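Visitor: Generate a structure from the sequence data that follows.
(2 chains)
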Amino acid sequence: DQQVKQNSPSLSVQEGRISILNCDYTNSMFDYFLWYKKYPAEGPTFLISISSIKDKNEDGRFTVFLNKSAKHLSLHIVPSQPGDSAVYFCAAAPTGSARQLTFGSGTQLTVLP
Amino acid sequence: DSGVTQTPKHLITATGQRVTLRCSPRSGDLSVYWYQQSLDQGLQFLIQYYNGEERAKGNILERFSAQQFPDLHSELNLSSLELGDSALYFCASSVAVANTGELFFGEGSRLTVL
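Guide: As a prediction, the model looks like this:
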């Protein structure tokens, strides 16, 4: 049972345009959500997070939106750059879970120059 | 560089064998987490240690075990290996236990079971 789903295995975007990565979850107990980025031969690195008390969190070119009623979150990257090409993992955790994150299967983003 | 060190980076072994993966957390981090990433899958949480004690268990098989030593490094032992155990094994660390937040991941140990 996949509690965190990233239904798009891959996404290609032109440099300078917006990249939108989507993530759906099923567990109502999740209240903290994170995005990690992973380059080949490296471990995942934290990108941005959002608590369920918010519906938007912004950090530079990266914005995460949370729609609790739809159990859906998305990551927007504007403008997209070739260096953003990586696998993006969505992750979620319930309250007090001590960071036992449940990860999605990832979306490979390719930003074309 | 996340500050989390994992060894070995690559390991090839045969079915039925036993291997040990090692992880050194970031300086100052007390929590260590182990995750498994199989082909085209997300990272599956295996187990967490905090300051030497087991804190939480995820989808860890009985053939797998882990421990965290007094110097805070951790080892993941995988025994009676099967073909399906081939995966990337990530170690991550964090400072505290209770509050959510980012984990710092190592580069992973790629295990191939032939």
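Visitor: residues in contact with the lowest-mean-pLDDT helix or strand in chain A?
Guide: Lowest by mean pLDDT, DSSP states H and E among the helices and strands of chain A is strand A:102-103, with a mean of 90. The set of residues external to strand A:102-103 that reach it, using CB atoms under 8 Å, 6 or more residues apart in numbering or on different chains, is A:3-4, A:27, A:30, A:36, A:89-93, B:35, B:42-45. For glycine as for every other residue, the C-beta is placed from the backbone atoms N, C-alpha and C.
Visitor: wait, which of the residues you listed is closest to B:Leu83?
Guide: B:Gln44 (17.0 Å; CB to CB).
Visitor: Quickly list what the closest one is bridged to.
Guide: Using DSSP bridges, the bridge partners assigned to B:Gln44 are B:Gln36.
Visitor: you'd agree it is up against B:Gln36?
Guide: Yes. Counting by CB atoms under 8 Å, B:Gln44 does reach B:Gln36; the two are 4.8 Å apart.
Visitor: Per-residue confidence, B:Asp46, what does it come out as?
Guide: Careful, residue B:46 is Leu and not Asp. Per-residue pLDDT puts B:Leu46 at 94.
Visitor: For the residue nearest to the spatial centre of chain B, give its distance to A:Lys5.
Guide: For chain B, the residue nearest the mean C-alpha position is B:Trp34 (3.1 Å; CA atoms, centre = their mean). According to CB to CB, to the nearest Å, B:Trp34 and A:Lys5 sit 23 Å apart.
Visitor: and if you look at B:Glu102?
Guide: From B:Glu102 over to A:Lys5 the distance is 22 Å, taken as CB to CB.
Visitor: How is B:Gly84 assigned, secondary-structure-wise?
Guide: Classification of B:Gly84 using DSSP: H, G, I helix; E, B strand; the rest coil returns helix.
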